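Asks: Dropping the sequence and predicted coords here.
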Amino acid sequence: MIAPTSSNGTGPSRLDFVAALVMFPAVVGHELTHALVAWPWVSTEHPRDLVDRVVPPRLELRYPSGTPVAVVVTANLAPTIVGLALGPVVVPWALSFSLPVAAYLVGAWALYTRPSGDDLAVLSTLF
C-alpha cells in the first residue's frame, strides 16, 4: 500500500513520487511549449542552458533587454493558450476511452493547460 505521507513525516511520499512520474509527460509538454514559443527571443545558444531543474521539470527563459512584452506574455501563457484551443478536441477524444484512461488523459490535459505559479509570477512582474 502507498502511504499518503512519508514514513518520517518529511519529504515527498511515495504517492507524491508516483503522481509526479505519471504526470511527467504533461509537465514536460507544458515546459517545451514555453521553449518552442520563446526560442526565437531567448538569449541562449544551447537548449540545455534553459533547464532550471529536472524534477519537477522547469525551464528558465532569459530574454535580452528590449524583448517585446507581448512576446514574454505569449511565451508564458503558451501552454494555456494551446491547451484551451485544443480542449474542444482533446476532452471529447479522452472521454471516448474507459474511465481510468479518460481520467488520466483529462487530468494530463488540465495539468498541461493550467498556468503554473512561475508562469503567473512572471506576468505579475510585468503588470
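Replies: That came through, no problem.
Asks: Do a quick rundown of the strands in this protein.
Replies: 51-53, 58-59 (DSSP state E).
Asks: weakest of these by average pLDDT?
Replies: With a mean of 59, strand 51-53 has the lowest mean pLDDT of these.
Asks: OK, contacts around the residue nearest to the spatial centre of the chain?
Replies: Nearest residue to the geometric centre of the chain (C-alpha atoms, centre = their mean): residue 30, 3.3 Å. Applying C-beta atoms under 8 Å, 6 or more residues apart in numbering, we find residue 30 in contact with 79, 111, 112, 116. Where C-beta positions appear, they are placed from N, C-alpha and C, glycine not excepted.
Asks: Export these as CSV, with columns for pLDDT.
Replies: Listed next are the contacts of residue 30 as CSV, based on pLDDT from 0 to 100:
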residue, pLDDT
79, 96
111, 93
112, 95
116, 86
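Asks: and the residue nearest to the centre of the chain, how far is that from residue 98?
Replies: 25 Å (C-beta to C-beta, to the nearest Å).
Asks: And residue 81, by the same measure?
Replies: Taken as C-beta to C-beta, the span from residue 81 to residue 98 is 30 Å.
Asks: neighbour-wise, which of those two wins?
Replies: Higher neighbour count among residue 81 and residue 98: residue 81, with 14 against 7, using other C-beta atoms under 10 Å.
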